[in-house]
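[1] structure, please.
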Amino acid sequence: MPNNLATFFSCQLVLLISILISPSSAYNVVSFGARGDGRTDSTSAFLRAWTSACNSATPAAVSVPRGIYLIRSVSFVGPCKNRILFQISGTLVAPDNYNVVGNSQFWILFYKVSRLSVVGGIIDAKGSKFWSCRRSGGNCPRGARSISFQWCSNVIVNGLSSFNSQTVHMAINECSNMKIQNVKITAPSGSPNTDGIHIESSRGVTITGCTIRTGDDCISIGPGSMNMYMDQIGCGPGHGISIGSLGNGFNEDGVQNVTVTNSVFTKTQNGVRVKSWARPSGGYAKNLVFKNLIMRNVANPIIIDQRYCPGNSCPHQSSGVRVSQVTYKNIKGSSSTQAAMTFRCSSTNPCNGIRLQDIKLTYVNTLKRPTVSYCENAGGSTTGAVFPRSCW
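    Residues are numbered from 1 along each chain as shown. Here you go, the predicted structure:
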(Lines give C-alpha, C1' and ligand atoms only; values in the text may rest on other atoms or scores of the structure.)
Protein backbone atom coordinates (compact mmCIF):
# COMPACT_ATOMS: atom_id res chain seq x y z
CA MET A 1 0.00 0.00 0.00
CA PRO A 2 1.47 3.39 -0.92
CA ASN A 3 2.57 5.57 1.99
CA ASN A 4 -0.04 8.26 1.32
CA LEU A 5 -2.84 5.71 1.21
CA ALA A 6 -1.65 4.08 4.43
CA THR A 7 -1.49 7.48 6.11
CA PHE A 8 -5.02 8.28 4.89
CA PHE A 9 -6.47 5.12 6.37
CA SER A 10 -4.63 5.57 9.70
CA CYS A 11 -5.94 9.14 9.93
CA GLN A 12 -9.45 7.92 9.20
CA LEU A 13 -9.04 5.33 11.94
CA VAL A 14 -8.00 7.94 14.48
CA LEU A 15 -10.88 10.15 13.38
CA LEU A 16 -13.34 7.29 13.82
CA ILE A 17 -12.03 6.57 17.31
CA SER A 18 -12.27 10.26 18.20
CA ILE A 19 -15.89 10.42 17.02
CA LEU A 20 -16.76 7.52 19.28
CA ILE A 21 -15.39 9.38 22.33
CA SER A 22 -17.83 11.89 23.82
CA PRO A 23 -16.42 15.01 25.50
CA SER A 24 -18.06 14.00 28.79
CA SER A 25 -15.86 10.90 28.95
CA ALA A 26 -12.52 12.58 28.20
CA TYR A 27 -10.13 12.59 31.15
CA ASN A 28 -7.30 15.14 30.95
CA VAL A 29 -4.32 14.16 33.11
CA VAL A 30 -3.78 17.84 34.02
CA SER A 31 -7.22 17.88 35.65
CA PHE A 32 -5.98 15.07 37.90
CA GLY A 33 -2.86 16.96 38.99
CA ALA A 34 -0.28 16.27 36.25
CA ARG A 35 2.11 19.09 35.42
CA GLY A 36 3.84 19.33 32.06
CA ASP A 37 6.97 21.00 33.37
CA GLY A 38 9.30 17.98 32.99
CA ARG A 39 10.13 18.01 36.71
CA THR A 40 6.99 17.22 38.70
CA ASP A 41 6.22 13.54 39.26
CA SER A 42 2.90 13.04 37.49
CA THR A 43 2.62 9.26 37.92
CA SER A 44 -0.29 9.37 40.37
CA ALA A 45 -2.22 11.83 38.21
CA PHE A 46 -1.89 9.53 35.18
CA LEU A 47 -3.14 6.60 37.24
CA ARG A 48 -6.14 8.54 38.53
CA ALA A 49 -7.07 9.60 34.99
CA TRP A 50 -6.70 6.00 33.80
CA THR A 51 -8.86 4.61 36.61
CA SER A 52 -11.64 7.06 35.80
CA ALA A 53 -11.50 6.25 32.09
CA CYS A 54 -11.29 2.51 32.70
CA ASN A 55 -14.41 2.62 34.92
CA SER A 56 -16.43 4.62 32.38
CA ALA A 57 -19.45 2.77 31.01
CA THR A 58 -19.15 4.72 27.76
CA PRO A 59 -16.10 5.02 25.45
CA ALA A 60 -13.48 7.12 27.22
CA ALA A 61 -10.28 9.03 26.50
CA VAL A 62 -7.20 9.69 28.58
CA SER A 63 -5.83 12.96 27.25
CA VAL A 64 -2.20 14.05 27.67
CA PRO A 65 -1.92 17.64 26.41
CA ARG A 66 1.25 19.35 25.20
CA GLY A 67 4.04 19.53 27.72
CA ILE A 68 6.71 17.27 29.22
CA TYR A 69 5.44 14.87 31.86
CA LEU A 70 7.74 13.03 34.25
CA ILE A 71 6.44 9.58 35.22
CA ARG A 72 7.92 6.64 37.10
CA SER A 73 7.08 2.99 36.39
CA VAL A 74 3.34 2.82 35.84
CA SER A 75 0.85 0.02 35.13
CA PHE A 76 -2.43 0.75 33.39
CA VAL A 77 -4.50 -2.27 34.37
CA GLY A 78 -7.73 -3.61 32.88
CA PRO A 79 -10.13 -5.01 32.11
CA CYS A 80 -12.01 -1.78 31.45
CA LYS A 81 -15.74 -1.30 30.98
CA ASN A 82 -15.51 0.13 27.45
CA ARG A 83 -13.03 1.12 24.76
CA ILE A 84 -10.29 3.62 25.64
CA LEU A 85 -8.36 6.15 23.59
CA PHE A 86 -5.01 7.09 25.16
CA GLN A 87 -4.24 10.32 23.31
CA ILE A 88 -0.74 11.72 23.82
CA SER A 89 -0.04 15.21 22.50
CA GLY A 90 2.93 15.81 24.80
CA THR A 91 6.12 13.99 25.83
CA LEU A 92 6.49 11.42 28.61
CA VAL A 93 9.95 11.21 30.18
CA ALA A 94 11.52 8.88 32.71
CA PRO A 95 13.42 10.17 35.76
CA ASP A 96 17.09 11.09 35.25
CA ASN A 97 18.12 8.45 37.80
CA TYR A 98 17.97 5.23 35.77
CA ASN A 99 17.51 3.13 38.92
CA VAL A 100 14.02 4.55 39.47
CA VAL A 101 12.57 2.62 36.52
CA GLY A 102 15.55 0.33 35.91
CA ASN A 103 14.71 -1.87 38.89
CA SER A 104 11.35 -2.60 37.32
CA GLN A 105 10.86 -4.74 34.24
CA PHE A 106 8.57 -2.12 32.76
CA TRP A 107 8.36 1.63 32.49
CA ILE A 108 4.88 1.96 30.92
CA LEU A 109 2.74 -1.18 31.05
CA PHE A 110 -0.76 -1.90 29.72
CA TYR A 111 -2.03 -5.10 31.35
CA LYS A 112 -5.17 -7.05 30.44
CA VAL A 113 -6.67 -4.17 28.45
CA SER A 114 -8.94 -4.72 25.46
CA ARG A 115 -10.19 -2.23 22.84
CA LEU A 116 -7.35 0.23 23.46
CA SER A 117 -5.91 2.86 21.09
CA VAL A 118 -2.64 4.62 21.94
CA VAL A 119 -2.28 7.58 19.60
CA GLY A 120 0.51 10.10 19.06
CA GLY A 121 3.06 11.44 21.46
CA ILE A 122 6.68 10.90 22.43
CA ILE A 123 8.15 8.71 25.16
CA ASP A 124 11.78 9.16 26.19
CA ALA A 125 13.30 6.74 28.70
CA LYS A 126 16.65 8.59 28.86
CA GLY A 127 18.56 5.34 28.64
CA SER A 128 22.09 6.64 27.93
CA LYS A 129 23.32 6.58 31.56
CA PHE A 130 21.96 3.05 31.98
CA TRP A 131 23.82 1.89 28.87
CA SER A 132 27.02 3.46 30.22
CA CYS A 133 26.58 1.50 33.43
CA ARG A 134 26.15 -1.69 31.43
CA ARG A 135 29.26 -1.03 29.37
CA SER A 136 31.38 -0.31 32.44
CA GLY A 137 30.34 -3.55 34.13
CA GLY A 138 29.01 -1.69 37.14
CA ASN A 139 26.29 -2.74 39.55
CA CYS A 140 23.42 -1.92 37.20
CA PRO A 141 19.72 -2.64 37.53
CA ARG A 142 18.05 -5.09 35.18
CA GLY A 143 16.67 -2.33 32.99
CA ALA A 144 13.15 -1.49 31.89
CA ARG A 145 11.24 -1.83 28.64
CA SER A 146 9.72 1.48 27.61
CA ILE A 147 6.16 0.48 26.69
CA SER A 148 4.74 -3.00 27.12
CA PHE A 149 1.48 -4.77 26.41
CA GLN A 150 0.68 -7.95 28.31
CA TRP A 151 -2.47 -10.03 27.91
CA CYS A 152 -4.05 -7.30 25.77
CA SER A 153 -6.34 -7.64 22.74
CA ASN A 154 -7.73 -5.42 20.00
CA VAL A 155 -5.07 -2.75 20.42
CA ILE A 156 -3.98 0.00 18.03
CA VAL A 157 -0.76 1.97 18.49
CA ASN A 158 -0.53 4.81 15.97
CA GLY A 159 1.96 7.67 15.59
CA LEU A 160 3.96 7.04 18.76
CA SER A 161 7.68 7.95 18.91
CA SER A 162 9.98 6.17 21.37
CA PHE A 163 13.49 7.34 22.19
CA ASN A 164 16.37 5.81 24.15
CA SER A 165 14.74 2.91 25.95
CA GLN A 166 16.87 1.27 28.62
CA THR A 167 16.20 -2.11 26.95
CA VAL A 168 13.38 -3.06 24.54
CA HIS A 169 11.36 -0.11 23.25
CA MET A 170 8.04 -1.90 22.74
CA ALA A 171 7.23 -5.36 24.10
CA ILE A 172 4.16 -7.40 23.17
CA ASN A 173 3.50 -10.55 25.19
CA GLU A 174 0.45 -12.85 25.28
CA CYS A 175 -1.51 -10.42 23.09
CA SER A 176 -3.88 -10.83 20.15
CA ASN A 177 -5.13 -8.62 17.33
CA MET A 178 -2.72 -5.70 17.57
CA LYS A 179 -1.91 -3.07 14.95
CA ILE A 180 1.27 -0.98 15.23
CA GLN A 181 1.22 1.87 12.72
CA ASN A 182 3.47 4.83 11.89
CA VAL A 183 5.67 4.31 14.93
CA LYS A 184 9.20 5.76 15.13
CA ILE A 185 11.79 4.13 17.38
CA THR A 186 15.25 5.61 17.89
CA ALA A 187 18.35 4.69 19.89
CA PRO A 188 22.07 4.88 19.05
CA SER A 189 23.54 1.98 17.08
CA GLY A 190 25.83 1.12 20.00
CA SER A 191 23.09 0.98 22.64
CA PRO A 192 22.87 -2.58 24.04
CA ASN A 193 19.71 -4.71 23.81
CA THR A 194 17.51 -1.83 22.65
CA ASP A 195 15.28 -3.91 20.38
CA GLY A 196 12.66 -1.86 18.59
CA ILE A 197 9.63 -4.16 18.89
CA HIS A 198 9.78 -7.58 20.57
CA ILE A 199 6.85 -10.00 20.30
CA GLU A 200 6.32 -13.24 22.19
CA SER A 201 3.44 -15.68 22.66
CA SER A 202 1.12 -13.50 20.58
CA ARG A 203 -1.00 -13.82 17.47
CA GLY A 204 -2.47 -11.50 14.91
CA VAL A 205 0.07 -8.64 15.14
CA THR A 206 0.42 -6.25 12.19
CA ILE A 207 3.26 -3.70 12.02
CA THR A 208 3.13 -1.15 9.18
CA GLY A 209 4.81 2.10 8.19
CA CYS A 210 7.36 2.10 11.01
CA THR A 211 10.90 3.51 11.12
CA ILE A 212 13.22 1.74 13.57
CA ARG A 213 16.82 2.69 14.33
CA THR A 214 18.33 0.87 17.32
CA GLY A 215 21.31 -0.99 18.73
CA ASP A 216 19.65 -4.41 18.43
CA ASP A 217 16.91 -6.09 16.40
CA CYS A 218 14.51 -3.69 14.72
CA ILE A 219 11.80 -6.31 15.26
CA SER A 220 12.19 -9.69 16.96
CA ILE A 221 9.62 -12.47 16.96
CA GLY A 222 9.94 -14.81 19.95
CA PRO A 223 8.50 -18.26 20.72
CA GLY A 224 4.76 -18.86 20.64
CA SER A 225 4.02 -16.21 18.00
CA MET A 226 1.90 -16.73 14.90
CA ASN A 227 0.14 -14.75 12.18
CA MET A 228 2.56 -11.80 12.10
CA TYR A 229 2.56 -9.30 9.22
CA MET A 230 5.18 -6.56 8.76
CA ASP A 231 4.93 -4.09 5.89
CA GLN A 232 6.81 -0.90 4.97
CA ILE A 233 9.44 -1.11 7.70
CA GLY A 234 12.51 1.11 7.55
CA CYS A 235 15.16 -0.74 9.55
CA GLY A 236 18.64 0.51 10.34
CA PRO A 237 20.93 0.86 12.05
CA GLY A 238 20.31 -2.28 14.06
CA HIS A 239 20.45 -6.05 13.82
CA GLY A 240 17.64 -6.48 11.28
CA ILE A 241 14.33 -8.33 11.63
CA SER A 242 14.73 -11.63 13.46
CA ILE A 243 12.75 -14.76 14.15
CA GLY A 244 14.16 -15.71 17.54
CA SER A 245 16.22 -16.31 19.28
CA LEU A 246 14.59 -19.74 19.55
CA GLY A 247 15.67 -22.85 21.41
CA ASN A 248 16.28 -21.24 24.80
CA GLY A 249 14.39 -24.14 26.39
CA PHE A 250 13.24 -27.61 25.42
CA ASN A 251 9.52 -27.14 26.00
CA GLU A 252 9.18 -24.10 23.78
CA ASP A 253 6.35 -23.08 21.48
CA GLY A 254 7.13 -22.48 17.84
CA VAL A 255 6.76 -19.56 15.43
CA GLN A 256 4.63 -19.76 12.30
CA ASN A 257 2.95 -17.71 9.60
CA VAL A 258 5.21 -14.64 9.55
CA THR A 259 5.45 -12.24 6.59
CA VAL A 260 7.91 -9.36 6.10
CA THR A 261 7.34 -7.34 2.93
CA ASN A 262 7.96 -4.00 1.21
CA SER A 263 10.74 -3.01 3.60
CA VAL A 264 14.20 -1.44 3.45
CA PHE A 265 17.27 -2.39 5.51
CA THR A 266 20.11 0.14 5.73
CA LYS A 267 23.56 -0.73 7.11
CA THR A 268 22.15 -3.33 9.47
CA GLN A 269 24.06 -6.27 10.92
CA ASN A 270 21.49 -8.61 9.38
CA GLY A 271 18.60 -8.32 7.00
CA VAL A 272 16.03 -11.05 7.64
CA ARG A 273 17.28 -13.63 10.12
CA VAL A 274 16.18 -16.85 11.81
CA LYS A 275 18.29 -17.60 14.87
CA SER A 276 18.29 -20.49 17.32
CA TRP A 277 20.57 -21.78 20.03
CA ALA A 278 22.51 -25.00 19.41
CA ARG A 279 20.78 -27.11 22.04
CA PRO A 280 17.89 -29.63 22.16
CA SER A 281 14.45 -28.06 21.77
CA GLY A 282 10.95 -28.93 20.67
CA GLY A 283 10.54 -25.55 18.98
CA TYR A 284 10.07 -24.74 15.32
CA ALA A 285 9.86 -21.92 12.77
CA LYS A 286 7.71 -22.55 9.69
CA ASN A 287 5.73 -20.79 6.99
CA LEU A 288 7.93 -17.69 6.89
CA VAL A 289 7.78 -15.29 3.92
CA PHE A 290 10.34 -12.55 3.22
CA LYS A 291 9.54 -10.68 0.01
CA ASN A 292 9.95 -7.37 -1.81
CA LEU A 293 12.89 -6.24 0.31
CA ILE A 294 15.76 -3.84 -0.38
CA MET A 295 19.15 -4.32 1.29
CA ARG A 296 21.52 -1.36 1.48
CA ASN A 297 25.02 -2.35 2.57
CA VAL A 298 23.73 -5.04 4.95
CA ALA A 299 26.24 -7.45 6.52
CA ASN A 300 24.07 -10.60 6.33
CA PRO A 301 21.09 -9.88 4.07
CA ILE A 302 19.64 -13.41 4.29
CA ILE A 303 20.64 -15.66 7.17
CA ILE A 304 19.49 -18.70 9.10
CA ASP A 305 21.83 -19.26 12.04
CA GLN A 306 21.16 -22.33 14.18
CA ARG A 307 24.37 -21.89 16.11
CA TYR A 308 23.40 -18.50 17.48
CA CYS A 309 25.54 -17.46 20.44
CA PRO A 310 26.22 -13.76 21.01
CA GLY A 311 28.46 -14.35 24.02
CA ASN A 312 31.12 -16.83 25.12
CA SER A 313 28.95 -19.42 26.89
CA CYS A 314 27.83 -21.39 23.85
CA PRO A 315 26.06 -24.77 24.17
CA HIS A 316 28.04 -26.41 21.32
CA GLN A 317 25.28 -28.93 20.63
CA SER A 318 22.85 -29.40 17.75
CA SER A 319 19.75 -27.22 17.57
CA GLY A 320 16.44 -29.03 18.01
CA VAL A 321 14.51 -26.16 16.41
CA ARG A 322 12.96 -27.30 13.11
CA VAL A 323 13.10 -24.63 10.38
CA SER A 324 10.93 -25.30 7.32
CA GLN A 325 8.92 -23.68 4.53
CA VAL A 326 10.83 -20.40 4.31
CA THR A 327 10.34 -18.25 1.19
CA TYR A 328 12.69 -15.47 0.04
CA LYS A 329 11.28 -13.59 -2.96
CA ASN A 330 12.33 -10.43 -4.81
CA ILE A 331 15.14 -9.40 -2.46
CA LYS A 332 17.66 -7.02 -3.99
CA GLY A 333 20.47 -4.71 -2.99
CA SER A 334 23.98 -4.84 -1.56
CA SER A 335 25.83 -6.87 1.04
CA SER A 336 28.75 -5.55 3.07
CA THR A 337 30.14 -9.11 3.34
CA GLN A 338 30.80 -11.64 0.62
CA ALA A 339 28.43 -14.28 2.05
CA ALA A 340 25.14 -12.60 1.14
CA MET A 341 23.11 -15.73 1.89
CA THR A 342 23.92 -17.99 4.84
CA PHE A 343 21.99 -21.10 5.81
CA ARG A 344 23.76 -22.54 8.86
CA CYS A 345 21.27 -25.19 9.88
CA SER A 346 21.09 -27.98 12.45
CA SER A 347 22.84 -31.29 11.75
CA THR A 348 20.04 -33.23 13.50
CA ASN A 349 17.17 -31.09 12.14
CA PRO A 350 18.22 -29.78 8.71
CA CYS A 351 16.35 -26.83 7.22
CA ASN A 352 13.97 -27.89 4.47
CA GLY A 353 11.56 -26.24 2.08
CA ILE A 354 13.68 -23.12 1.57
CA ARG A 355 12.46 -21.35 -1.57
CA LEU A 356 14.55 -18.71 -3.34
CA GLN A 357 13.02 -16.59 -6.10
CA ASP A 358 14.38 -13.51 -7.88
CA ILE A 359 17.31 -12.66 -5.59
CA LYS A 360 20.02 -10.19 -6.57
CA LEU A 361 22.55 -9.25 -3.89
CA THR A 362 25.90 -7.70 -4.80
CA TYR A 363 29.01 -7.36 -2.64
CA VAL A 364 30.19 -3.86 -1.75
CA ASN A 365 33.97 -4.21 -2.08
CA THR A 366 36.83 -2.52 -3.90
CA LEU A 367 38.00 -5.76 -5.53
CA LYS A 368 34.58 -6.37 -7.12
CA ARG A 369 34.36 -9.90 -5.82
CA PRO A 370 31.01 -11.63 -6.33
CA THR A 371 28.70 -12.54 -3.48
CA VAL A 372 28.49 -16.19 -2.44
CA SER A 373 26.10 -18.47 -0.59
CA TYR A 374 27.04 -20.58 2.41
CA CYS A 375 24.96 -23.65 3.19
CA GLU A 376 25.14 -26.25 5.91
CA ASN A 377 22.42 -28.88 6.38
CA ALA A 378 19.94 -26.97 4.23
CA GLY A 379 17.89 -27.79 1.16
CA GLY A 380 15.27 -26.20 -1.02
CA SER A 381 14.46 -24.89 -4.51
CA THR A 382 15.17 -21.88 -6.72
CA THR A 383 12.98 -20.02 -9.21
CA GLY A 384 13.96 -17.21 -11.55
CA ALA A 385 17.33 -15.44 -11.36
CA VAL A 386 19.07 -16.03 -8.03
CA PHE A 387 22.38 -14.29 -7.28
CA PRO A 388 24.46 -15.39 -5.53
CA ARG A 389 23.75 -18.91 -6.73
CA SER A 390 22.19 -21.17 -4.15
CA CYS A 391 23.87 -24.28 -2.82
CA TRP A 392 21.21 -26.62 -4.19
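[2] for residue 338, give me phi and psi.
    According to degrees, to the nearest 10, the main-chain angles of residue 338 amount to phi -70, psi -30.
[3] was I right about it contacting residue 371?
    Yes: using Cβ atoms under 8 Å, residue 338 is in contact with residue 371, at 6.0 Å. For the C-beta atoms, the positions are set from N, CA and C on the backbone; glycine is no exception.
[4] out of those two, which sits in the busier spot?
    Taking neighbours as other Cβ atoms under 10 Å, residue 338 and residue 371 compare with residue 371 leading, 22 against 15.
[5] hmm, that one is touching residue 342, no?
    No: applying Cβ under 8 Å, one finds residue 371 not in contact with residue 342, separated by 10.9 Å.
[6] in the sheet, who's paired with the residue most central in space within the chain?
    Nearest residue to the geometric centre of the chain (Cα atoms, centre = their mean): residue 197, 1.6 Å. Residue 197 has these beta-bridge partners by DSSP bridges: residue 170, residue 219.
[7] still on that earlier bit, need the overlap of contacts for residue 338 and residue 371.
    Shared contacts of residue 338 and residue 371, defined by Cβ atoms under 8 Å, 6 or more residues apart in numbering, comprise residue 363.
[8] give me the below-cutoff pLDDT ranges for this protein.
    For the chain, applying pLDDT under 70 flags the ranges 1-24.
[9] redo that, cut-off 80
    1-24, 366 (pLDDT under 80).
[10] give me the sheet partners of the helix or strand encompassing residue 356 and which way each runs.
    Secondary structure assignment for residue 356, by DSSP states H and E: strand 351-363. Here strand 351-363 is paired, per DSSP bridges, with strand 322-335 (parallel), strand 378-387 (parallel).
[11] got the buried residues for it?
    351, 352, 353, 354, 356, 357, 358, 359, 360, 361, 362, 363 (16 or more other Cβ atoms under 10 Å).
[12] dump the residue contacts of residue 307.
    So residue 307 contacts 278, 314, 319, 344 (Cβ under 8 Å, 6+ apart).
[13] and it, backbone torsions?
    Main-chain dihedrals, residue 307, degrees, to the nearest 10: phi -120, psi 40.
[14] about what we covered before: return the most buried member of the strands paired with strand 351-363.
    Of all the strands paired with strand 351-363, strand 322-335 carries the top mean neighbour count, a mean of 21, counting by mean count of other Cβ atoms under 10 Å.
[15] give me the contacts around whichever helix or strand comes after that one.
    Per DSSP H and E, strand 322-335 leads on to strand 339-344 as the next helix or strand towards the C-terminus. Applying Cβ under 8 Å, 6+ apart, the contact partners of strand 339-344 are 300-307, 351, 354, 356, 359, 361-363, 371-376, 378, 388, 390-391.
[16] quick one, strand 339-344 and strand 322-335 angle?
    170 degrees (axes from the mean of the first three to the mean of the last three Cα atoms, to 10 degrees).
[17] strand partners of strand 339-344, parallel vs antiparallel please.
    As assigned by DSSP bridges, strand 339-344 forms pairs with strand 300-305 (parallel), strand 372-376 (parallel).
[18] what comes up buried for that strand?
    Within strand 339-344, the residues that qualify as buried are 339, 340, 341, 342, 343, 344, counting by 16+ other Cβ under 10 Å.
[19] need the max-distance pair from those.
    Taking Cβ to Cβ, the two most distant members of the buried residues of strand 339-344 are 340 and 344; they sit 13.8 Å apart.
[20] contacting residues around residue 390?
    So residue 390 contacts 341, 356, 373, 375, 380, 382 (Cβ under 8 Å, 6+ apart).
[21] sec struct for the spatially closest residue to residue 146 that is not a sequence neighbour, please.
    Excluding the flanking residues, the one nearest residue 146 by Cβ to Cβ, 6 or more residues apart in numbering is residue 165, at 3.9 Å. Per DSSP: H, G, I helix; E, B strand; the rest coil, the secondary structure class of residue 165 is coil.
[22] show me what contacts residue 165?
    Applying Cβ under 8 Å, 6+ apart, we find residue 165 in contact with 107, 125, 127, 144, 145, 146, 187, 194.
[23] what is the burial count for the last one?
    Taking other Cβ under 10 Å as the neighbour definition, residue 194 ends up with a count of 30.
[24] check which helix or strand it maps to.
    Counting by DSSP H and E, residue 194 is found in no helix or strand.
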